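Trainee: have a look at this prediction, sequence included:
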Amino acid sequence: MKKLTVLMLSVLYFVSIDVCAQMADGSTVPDFTGTDINGNSHTLYADYLDQGIPVVIDVSATWCGPCWSYHETHALKDLYNTYGPDASNEIAVLFVEGDGNTTQADLEGTGSSTSGDWITGTPYPIIDDASIASTLQIAYYPTVYGICPDGKIYEFGTKTATQLVGLFESKCNFTSAGTSDNAGISDNLNKVCISGESVTPSIEIKNFGTNNLTSATLELLEGDNSVETKDWSGNLSSLANETVEFSTINDVTSNTTYSVKIVTANGNTDSYTVGNEANIAVEIAPMETENTIKITIVTDNYPGETKWDLKDDNGNILKSFGPYQQGTGFGGSGGPDAMQTFEYFVAIPEGIKCYELNVYDSFGDGMRISNIQSGYSISGHNVASGTDVINQLVKPNFGTSVKEIFALNSDGNSLSLSEQSKSDFTIFPNPTNDNAKLIFTNIMDSEKAELSIVNVLGEIVFEDDIDITKGNNEIPLDLIHLKSGLYTVNILSSSFNQSKNIIKID
């Protein structure tokens, strides 16, 4: 585990590393040469500064959550797409991975020390070279420098594209022209809940030009065959975006990928290659056949950032939880905590239904922990056998929120949703000292359940079998053997599964 010091500045965290100090604003930057992950060489002075092109350098580490949060704002992508070599060629953007211990797999988002996929969708060069971070005297991640053509370096910080341009204009006596009529589009995914339904394919259009974007022509293609030409109109200011919908496609029975091309922007041919082509993937959501949905949540080190809800096709919330309680954990008061696993079971009425699971992260960096597989999953659960279908953790690096759409064709042999939603248990008192009560309400059938108590390190500190009776009942909970702190009480039976946090005090 890396030894890190976390400092809070404004609304972002910066991760400190063991270097004396950053380069002073206005000092002259030393030259360097780096090779990006595509094998292209970049020499600071010869390729950029000597050509009159100022440079933004983002020095980050793949495992750094704050770095990932800034990456996900797409500020540098916006800057590159508006002022980079495929646009007006006025400003260069370089990303430097500054930790020599990370790997290509970490950049790809598949390694053990990563917050996500840093490569996909990134148009500017990525240089994996810790020596450049040393040359630039990086003291914390992320560090975002602006370098003027005269070689003077300034720490710009994690700013928007517009703010970065403004800093260049004030620090470098630089005037940018940008591109006038320049539209861009990005890939999108449209899901069909059940085979045979219709879908309205859509894509996001963004204005990378300096003029307001008031019109654009887009062409939708399936393979080499044109499906539709769409004339869009609106009024988008620079870097603003909007969703463009094509005509509805009926009777979708298979996964299909469509391509989209921008033909014109503001009535003119869009001669800038940035974002002129993208794909729309139309996928049929997975179909479950069990009559109970199992939702698994494995929190990251900041459970207080995570919450979720399950909705039916009418938008009704069937079950929700969170944010989870922030405890003392191994990081001191307020976190970070150890990861915790929670399982929830929701019984489904008979018939084919569409559902969506929404998972939210208030900080905006998903639920990823380096070296640990956290995240969420949706499974069909067979109550009789206790087996699950599609039970793997997925997509922990979703940013602020993620939506999973799925269909379920159940046989109706379980409790109805309305019946199960009434069943619950609480702990009283909470916080408590040595003795508490488990209070169960609206239990549908008497049954034996498994009781477990888990500490903040994920260790089971107590297990027992308990008898839950139909209706309302109370069961004593003896905590005299536990130290003070935060615990999770799990109750599991064939038809009841819930978890509650409890605080033990002296």
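Mentor: Nice, I can see it. Residues are numbered from 1 along each chain as shown.
Trainee: can you point out the buried residues in the host helix or strand of Ala216?
Mentor: In the assignment (DSSP states H and E), Ala216 maps to strand 213-222. Neighbour-count burial for strand 213-222 flags Leu213, Ser215, Ala216, Thr217, Leu218, Glu219, Leu220 (criterion: 16 or more other Cβ atoms under 10 Å). (C-beta placed from N, C-alpha, C; glycine too.)
Trainee: which helices and strands sit right next to that strand?
Mentor: Packed against strand 213-222 by the contact rule (3 or more Cβ pairs under 8 Å, 6 or more residues apart in numbering; DSSP states H and E) you find strand 183-186, strand 202-207, strand 225-236, strand 256-265.
Trainee: packing partners of the last one?
Mentor: Using 3+ Cβ pairs under 8 Å, 6+ apart as the contact criterion, the secondary-structure elements in contact with strand 256-265 are strand 183-186, strand 213-222, strand 277-284.
Trainee: and the helix or strand that it is followed by, which strands flank it?
Mentor: Downstream of strand 256-265, the next assigned helix or strand under DSSP H and E is strand 268-269. Using DSSP bridges, the strands paired with strand 268-269 are strand 256-265 (antiparallel).
Trainee: please export the C-alpha coordinates of the strand it pairs with as PDB.
Mentor: Output of strand 256-265 as PDB, limited to C-alpha atoms (Å, rounded to 0.1, in the frame of the first residue of the first chain):
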ATOM      1  CA  THR A 256     -26.300  -3.700 -33.900                       C
ATOM      2  CA  THR A 257     -23.700  -1.000 -34.100                       C
ATOM      3  CA  TYR A 258     -24.500   2.000 -36.300                       C
ATOM      4  CA  SER A 259     -22.000   4.700 -37.300                       C
ATOM      5  CA  VAL A 260     -22.600   8.400 -37.400                       C
ATOM      6  CA  LYS A 261     -20.800  11.100 -39.500                       C
ATOM      7  CA  ILE A 262     -21.000  14.800 -39.300                       C
ATOM      8  CA  VAL A 263     -21.500  16.200 -42.800                       C
ATOM      9  CA  THR A 264     -21.800  20.000 -42.100                       C
ATOM     10  CA  ALA A 265     -21.500  22.400 -39.200                       C
END
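Trainee: contact partners of that strand?
Mentor: For strand 256-265, the external contacting residues (Cβ atoms under 8 Å, 6 or more residues apart in numbering) are 181-185, 201, 203, 205, 209, 213, 215-222, 227, 229, 269-270, 275-282.
Trainee: please apply the same query to stretch 316-325.
Mentor: Applying Cβ under 8 Å, 6+ apart, the set of residues contacting stretch 316-325 is 295, 297, 299, 303-312, 340, 342, 344, 346, 355, 360, 362, 417, 421, 486, 501.
Trainee: go again using 7 Å as the cut-off
Mentor: The contact list for stretch 316-325 (Cβ atoms under 7 Å, 6 or more residues apart in numbering) reads 299, 303-312, 344, 346, 362, 417, 486, 501.
Trainee: end to end, how far does that stretch reach?
Mentor: Across stretch 316-325, the terminal residues are separated by 25 Å (Cα to Cα, to the nearest Å).
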